[in-house]
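1. Structure of the sequence below:
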Amino acid sequence: MSNTIVDALLLDPSVGIRNIDPAQWANLEMLVTDAARDDLAAAVRTFVPAGSSAVVGVFDDNLLWASLVVSVDQSGAPTSLSTIDGSVTETAGAEMTKAAGEAVRWVQSHHGPCSLGLFVDKAQAEAILTASDKAAAIRTAAAASGLVLSPVPPALAIALA
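-> Numbers count the residues shown, from 1 in each chain. Below is the predicted model of the structure:
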C-alpha cells in the first residue's frame, strides 16, 4: 500500500489505517492525481465536522470500485482511515442510492456519526477531481444522476448553493 492518500490528507503518522480493502485502496490511489492531492486534505478540513466521519464511494458498473472513510477527532484532525466493506454495498444491488444508504449505516456503526456521504460513479469522480471548479463539477454529476450526496454537512450545502 503506497502513501498517496496518506500524504494527500497530510496525516500525522499516528493516524490509524485499518480495514483497508487493497483493491479499493489501489483504485482510489489511481484517482487521486497530483492535482487532486491538495484538494483532499482541504476538503476534509472544510467539510467534515469535528467528531464525525465522512465516506466517499466510487462506483464502476454499479459496483463499489473505491472508497474512503475518514474519521476526525474533536479538533477536526483525522484519526483513522478505512475503506467500506465491499459486501455492504453488494447487498444493496445495483442501485447507487440504496448502496450509499447501506454504506452510511455501516460507517455509523463502525466509526460513529457520519456527517458526509458522497457517492459517485467513476466517470463523474474523475471529472470532479480534475475540475478547477469542484462545486460546478459536483452539480453537473448530480444533474447527470451520477451522484448521491447524503448526509450533507451545512458547509458543503452552502458551498454547493
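2. Spatially central residue in the protein, please.
-> Val56 (1.9 Å; C-alpha atoms, centre = their mean).
3. which is the next helix or strand following the helix or strand harbouring that residue?
-> Using DSSP states H and E, Val56 sits in strand 53-60. Heading C-terminal from strand 53-60, the first helix or strand you meet, by DSSP H and E, is strand 63-72.
4. Show me what that next one is packed up against.
-> Counting contacts by 3 or more C-beta pairs under 8 Å, 6 or more residues apart in numbering; DSSP states H and E, strand 63-72 is packed against helix 22-31, strand 53-60, strand 78-82, helix 86-90, helix 96-111. Where C-beta positions appear, they are placed from N, C-alpha and C, glycine not excepted.
5. Who does that strand pair with, and is each partner parallel or antiparallel?
-> Counting by DSSP bridges, the strands paired with strand 63-72 are strand 53-60 (antiparallel), strand 78-82 (antiparallel).
6. Give me whichever of the ones you listed is most buried.
-> Mean neighbour count (mean count of other C-beta atoms under 10 Å) peaks for strand 53-60 among these, with a mean of 23.
7. hang on, the earlier thing: please identify the deepest-packed of the helices and strands packed on strand 63-72.
-> It is strand 53-60: most buried of these by mean count of other C-beta under 10 Å, with a mean of 23.
8. mind checking how far it is from the chain centre?
-> The chain centre lies 4 Å from the centre of strand 53-60; the measure is C-alpha atoms, centre = their mean, to the nearest Å.
9. If anything else comes up later, I'll come back, but that's it for now.
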